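S.K.: Sequence unavailable; structure follows:
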């Protein structure tokens, strides 16, 4: 086995920084509303990708030729991906901040400063800056402000209007899925009640021919996470349904087959009992959680064959109730019983507690958010389309930024955009009055907080960042740079706003990553490092 190469300071700093800078310089071009496009060649030789999302760009850059520089690049790649998982947006901001912090910190370190003391001052300064960010946060008042925030994030006016409407209706806990179309298209659809992946077991159960859906209102519900195939399986529940005033039943199971399905269809068509027979189609693990959520929505007992129970011994106590069950060829929507409000809230609280305990990169986080949203009836579909795959990917990247950022805006409020919020944090850092090398760490952050503003101006390329920065400082805290119109404006009046949650996470992530690089003294380089699509 080849022996790994070992590098020590000062080689570590110079080569790690070069790799860090190479990655940061690519990501920085995407910062701001006039963001540049990055063209990524497809591995298969097909249509190249047009990328504006810093996290996606970082994910495509899997290795640099120089192994030591590659360590620096991969450190920033991981930092940016963590930011993406936490907030969706702010990835380029985190990269620009981290690069500026590390550049200044290495200068102090080269002059003899102690890296650990610099790091200590840097973290104290970051705490002060975050407190200043939170102090300037303003709540999002209405749909128009949400749309303004979305436009700052996505740069797309039409998409921003729809995103603003969606989150004004759904709130911060809303869950939005994206559907792609192969022609220009932009629309949204809202689902009342919980939406589940499933299908009506037979087209003969359709009650609404126009929409090809089977619909029951105010009906009993049976939950059975197994296969229903025998007449003996369905006879007891049909007898129970026949004794109900409404003479209807909704059966949600894993699989419903003949001859049981034939009996259900015959009773439905003969109008003895109205039936909605639904098969839930997600993979086994997720299907299990679907039944748990349906139990919370309807109050029905889960008749589990794995626990030795079958439909043959069903009792009235096993039945739940739904205000509405609507099933089609691809999904089923269940509006729960009003009597289940307390049980639904308990289930949502349990899911929220589990979500809070997860790491940001845990794959189960999105599933928990989705379940919380459908339990509270806060689900929507965003429909996006374009003629080419590259255009569709580009629109999707922008939409995903908005979908992650707007909930943070609703939870933590908004602050002036365009890098101005960070400029407004500098006085709080300076007021700390730290001395010695800790004071130098605070100075490092104070200088780095200018970097996002400078980079946005530089990306427009028409004016000097230093000149505009001096004008902003001279004329007051409410002033900032409108990159689209290339002029200084009152940011709040212009609607140029950033979610405070995104600004906070970008700063925390940048300080953490830069501090790690700053205190790295030894680098071990393996001959054949394992590559990963996941940073």
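M.R.: Nice, I can see it. It should be emphasised that the depicted structure is a prediction, and the values quoted were computed from it without experimental measurement. Numbering: from 1, shown residues only.
S.K.: Spit out the contact partners of the spatially closest residue to residue 411 that is not a sequence neighbour.
M.R.: Excluding its sequence neighbours, the residue lying closest to residue 411 (C-beta to C-beta, 6 or more residues apart in numbering) is residue 172, at 5.1 Å. Glycine gets a C-beta too; all of them are placed from N, C-alpha and C. Residue 172 makes contacts with 407, 410, 411, as judged by C-beta atoms under 8 Å, 6 or more residues apart in numbering.
S.K.: Residue ranges in this protein under the pLDDT threshold?
M.R.: Where the chain drops to pLDDT under 70, the residues are 1-4, 7-9, 35-36, 42-47, 192, 210, 360-361, 477, 523, 526-535.
S.K.: domains for it, by residue range?
M.R.: If you go by automatic domain parsing, the domain ranges for the chain are 5-138+415-525, 194-345.
S.K.: What's the end-to-end length of the first one?
M.R.: Going back to what we said before, that points to domain 5-138+415-525. Using C-alpha to C-alpha, to the nearest Å, the end-to-end distance of domain 5-138+415-525 comes to 5 Å.
S.K.: quick one: that domain to chain centroid distance?
M.R.: 21 Å (C-alpha atoms, centre = their mean, to the nearest Å).
S.K.: ranges for the helices of the stretch 1-150 of the chain?
M.R.: 11-28, 54-60, 67-87, 91-110, 115-135, 143-154 (DSSP state H, counting those that start in this stretch).
S.K.: Save the ones you listed as TSV, and put in mean neighbour count and distance to residue 449 too.
M.R.: Putting the helices of the stretch 1-150 of the chain into TSV (neighbours: other C-beta atoms under 10 Å; distance: least, C-beta to C-beta, whole Å) gives the following:
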stretch	mean neighbour count	distance to residue 449
helix 11-28	21	16
helix 54-60	24	19
helix 67-87	23	17
helix 91-110	25	8
helix 115-135	20	7
helix 143-154	23	19
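S.K.: ok, back up a step: check the contacts of residue 172 for burial and list the buried ones.
M.R.: For those, a neighbour count by 16 or more other C-beta atoms under 10 Å gives the buried set as 407, 410.
S.K.: Just name whatever secondary elements the longest helix seen in the chain is in contact with.
M.R.: The longest helix of the chain (DSSP state H) is helix 389-412. On a contact count with 3 or more C-beta pairs under 8 Å, 6 or more residues apart in numbering; DSSP states H and E, helix 389-412 meets strand 49-51, helix 67-87, helix 143-154, helix 157-170, strand 175-181, strand 379-385, strand 497-499, helix 500-518.
S.K.: Quick one, which of those gets closest to residue 392.
M.R.: strand 175-181 (5.6 Å; C-beta to C-beta).
S.K.: which is the next helix or strand following the closest one?
M.R.: Counting by DSSP states H and E, the element after strand 175-181 in chain order, helix or strand, is strand 185-191.
S.K.: Quick one: work out the angle between that next one and strand 175-181.
M.R.: With axes from the mean of the first three to the mean of the last three C-alpha atoms, to 10 degrees as the basis, strand 185-191 and strand 175-181 are set at 140 degrees to each other.
S.K.: If I take strand 185-191 and helix 389-412, what angle do their directions form?
M.R.: 40 degrees.
S.K.: neighbouring strands for strand 185-191, and are they parallel or not?
M.R.: strand 379-385 (antiparallel) (DSSP bridges).
S.K.: what does the partner strand contact?
M.R.: 162-163, 166, 169-170, 174-191, 194-195, 373, 392, 395-396, 399, 403.
S.K.: Report the buried residues of the longest strand anywhere in the chain.
M.R.: Counting by DSSP state E, the longest strand found in the chain is strand 214-228. Under the neighbour-count criterion of 16+ other C-beta under 10 Å, strand 214-228 has 214, 215, 216, 219, 220, 221, 222, 223, 224, 225, 226, 228 buried.
S.K.: How far off centre is that strand?
M.R.: Worked out by C-alpha atoms, centre = their mean, strand 214-228 lies 32 Å from the chain centre.
S.K.: Who are the packing partners of it?
M.R.: Using 3+ C-beta pairs under 8 Å, 6+ apart: strand 214-228 touches helix 231-242, strand 248-256, strand 274-280, helix 284-298, strand 320-327.
S.K.: Residue 352: which of the helices and strands packed on helix 389-412 is closest?
M.R.: strand 175-181 (13.3 Å).
S.K.: same for the closest one, what does it pack against?
M.R.: Under the contact criterion of 3+ C-beta pairs under 8 Å, 6+ apart, the helices and strands touching strand 175-181 comprise helix 365-375, strand 379-385, helix 389-412.
S.K.: and the angle from that strand to helix 157-170?
M.R.: Computed by the same axes, to 10 degrees, the angle separating strand 175-181 from helix 157-170 equals 150 degrees.
S.K.: just the angle between strand 175-181 and helix 365-375, please?
M.R.: 100 degrees.
S.K.: Which residue is the nearest non-sequential neighbour of the most centrally placed residue in the chain?
M.R.: Geometric centre of the chain, nearest residue: residue 404, 4.0 Å, by C-alpha atoms, centre = their mean. Counting by C-beta to C-beta, 6+ apart, residue 404 lies nearest to residue 88, which is 2.1 Å off, once chain neighbours are set aside.
S.K.: and if you look at residue 512?
M.R.: residue 79 is the one closest to residue 512 (C-beta to C-beta, 6+ apart), at 7.5 Å.
S.K.: Tell me how far the one you found lies from residue 451.
M.R.: 15 Å (C-beta to C-beta, to the nearest Å).
S.K.: do the same with residue 343
M.R.: In terms of C-beta to C-beta, residue 343 sits 50 Å off from residue 451.
S.K.: can you check residue 253 too?
M.R.: Taken as C-beta to C-beta, the span from residue 253 to residue 451 is 57 Å.
S.K.: Likewise for residue 176?
M.R.: From residue 176 across to residue 451, the span is 32 Å (C-beta to C-beta).
S.K.: just residue 507 next, same as before
M.R.: 11 Å.
S.K.: And residue 148, by the same measure?
M.R.: 24 Å.
S.K.: Now for residue 489: which residues touch it?
M.R.: So residue 489 contacts 479, 480, 481, 482, 496 (C-beta under 8 Å, 6+ apart).
S.K.: let's see 7 Å
M.R.: By C-beta atoms under 7 Å, 6 or more residues apart in numbering, the contact list for residue 489 reads 480, 482.
S.K.: Check which helix or strand it maps to.
M.R.: Going by DSSP H and E, residue 489 is part of strand 487-490.
S.K.: follow-up on the earlier one: nearest to residue 524, out of the helices of the stretch 1-150 of the chain?
M.R.: Across the helices of the stretch 1-150 of the chain, closest to residue 524 is helix 67-87 (C-beta to C-beta), at 9.1 Å.
S.K.: Report the angle between that closest one and helix 91-110.
M.R.: 130 degrees.
S.K.: Hmm, residue 63 is touching residue 70, no?
M.R.: Yes: at 5.6 Å, residue 63 and residue 70 qualify as touching, with contact defined as C-beta atoms under 7 Å.
S.K.: how close does residue 54 get to residue 206?
M.R.: Taking C-beta to C-beta, one finds residue 54 at 47 Å from residue 206.
S.K.: neighbours around the residue lying closest to residue 397 once chain neighbours are set aside, how many?
M.R.: Excluding its sequence neighbours, the residue lying closest to residue 397 (C-beta to C-beta, 6+ apart) is residue 53, at 4.0 Å. Neighbours of residue 53 under the rule other C-beta atoms under 10 Å: 24.
S.K.: before we move on, the earlier item: quick one: the residue nearest to residue 411 is in a helix?
M.R.: No: under DSSP: H, G, I helix; E, B strand; the rest coil, residue 172 sits outside any helix and is assigned coil.
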